[in-house]
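In: please find the sequence and the predicted model below.
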Amino acid sequence: MKLKNIVEKYLEDIKYSIKQKTYLFYLQLNDIYVVRLNKKLTPSNLNDFFVNINAKYSYSTSKLLKSLINRSLVFAFEKGLIKERMAITTHLKCEQIRKVQALEKQEQTKLENYILESGRGYYFGILLSLYTGLRLGEVIALKWQNVDMKNKLIYIDKSISAISQNHKTIIIESSPKTQSSIREIPISKQLQIILKKLKQNSKNDYVITSHNNKQVQLRAYQKSFENLLKKLHIKHYGFHALRHTFATRLLEQGTDIKTISELLGHSSPTVTLNCYVHTNLQNKRKALNALTKNVSFFD
């Protein structure tokens, strides 16, 4: 039996015990990566296959595949689909800490000014992410019922994702993957003014809608964001950079890591620290100057 078929049978077995989004995502991993093992399934071929995967793809992709394949192989042995216990034993390559991409302050100001002057509600999702740290899927899934103007809070309990399956894109709206992503975010005074204006002109349950008052599509909104950056002669950023910009601005003003972690919906402050371990040289210089400011023997 091919590894791809083993994974398929395992996923069919757990299909109703996991979220649909997770199930479809695993199927996608199987169709893109696992299918590449065409040789006979042996411990040696299995590990050679994973060495190749581990060398070509990111740490997170390799980690997910190793876990999925090993769980599938345990299932297959217990069900008698394979006669020999086997598993990927190759160690994962070290995770490289990637420098977070955040907009420069002048770029952020230029982008904000254009959106506010244009008055186009469609682009206000960009401001939402800049001032709440919402992911793109959370921005698009946000409904007015989750915006509490009285208590100045936004309740995040849904996200929209796009999964490719059989050459088709499936849009799924579901609760976030982790419990920590279900969170409350305070609304600043400035953001409250913007939201009130949006609400007055809203003809839909969703906070951000398309030009014809329909639900926004993930890839269309990402593309619109990229086109807007080109129009304003701002270098290319993915939409996720807005979330990083939110966190970076908070760090720059001295907000503690635990607070930032909770606002972002990270599972722990450690995740936040690992993401934002890089600070700019100006902040480092400022920190060291402050450390020695009142020490007499440096005078």
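Out: Received it, and whenever you're ready, just let me know what you need.
In: how many neighbours does residue 204 have?
Out: 14 (other C-beta atoms under 10 Å). Every C-beta, even on glycine, is put in place using the N, C-alpha and C of the backbone.
In: for the helix ranked longest in the chain, name the packing helices and strands.
Out: In the chain, ranked by residue count with DSSP state H as the criterion, the top helix is helix 59-78. Applying 3 or more C-beta pairs under 8 Å, 6 or more residues apart in numbering; DSSP states H and E, one finds that helix 59-78 makes contact with helix 3-14, helix 20-32, helix 43-56.
In: now mean pLDDT too, for those helices, in JSON lines please.
Out: JSON lines is the format used below for the helices and strands packed on helix 59-78 (pLDDT from 0 to 100):
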{"stretch": "helix 3-14", "mean pLDDT": "96"}
{"stretch": "helix 20-32", "mean pLDDT": "90"}
{"stretch": "helix 43-56", "mean pLDDT": "93"}
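In: so which of the ones you listed gets nearest residue 142?
Out: helix 20-32 (17.5 Å; C-beta to C-beta).
In: and that closest one, what does it pack onto?
Out: Packed next to helix 20-32, using 3+ C-beta pairs under 8 Å, 6+ apart, are helix 3-14, helix 59-78, strand 159-165, strand 168-174.
In: related to what we said a few turns ago, angle of the longest helix of the chain against helix 20-32?
Out: 90 degrees (axes from the mean of the first three to the mean of the last three C-alpha atoms, to 10 degrees).
In: any chance you could list what contacts helix 59-78?
Out: With contact meaning C-beta atoms under 8 Å, 6 or more residues apart in numbering, helix 59-78 is reached by 1, 3, 6-7, 9-11, 13, 26, 29-30, 33-34, 46, 50, 53-54, 81-82, 84-88, 90, 92-96.
In: C-alpha coordinates for the helix or strand just after that helix, PDB please?
Out: Counting by DSSP states H and E, the element after helix 59-78 in chain order, helix or strand, is helix 105-118. Extracted in PDB, the C-alpha atoms of helix 105-118 (Å, rounded to 0.1, in the frame of the first residue of the first chain):
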ATOM      1  CA  LYS A 105       6.300  54.400  10.300                       C
ATOM      2  CA  GLN A 106       6.300  56.600   7.200                       C
ATOM      3  CA  GLU A 107       4.800  53.800   5.100                       C
ATOM      4  CA  GLN A 108       2.100  53.200   7.700                       C
ATOM      5  CA  THR A 109       1.200  56.900   7.800                       C
ATOM      6  CA  LYS A 110       1.000  57.200   4.000                       C
ATOM      7  CA  LEU A 111      -1.200  54.100   3.800                       C
ATOM      8  CA  GLU A 112      -3.500  55.300   6.700                       C
ATOM      9  CA  ASN A 113      -3.900  58.800   5.200                       C
ATOM     10  CA  TYR A 114      -4.900  57.500   1.800                       C
ATOM     11  CA  ILE A 115      -7.500  55.200   3.300                       C
ATOM     12  CA  LEU A 116      -9.000  57.900   5.600                       C
ATOM     13  CA  GLU A 117      -9.100  60.500   2.800                       C
ATOM     14  CA  SER A 118     -10.600  58.000   0.300                       C
END
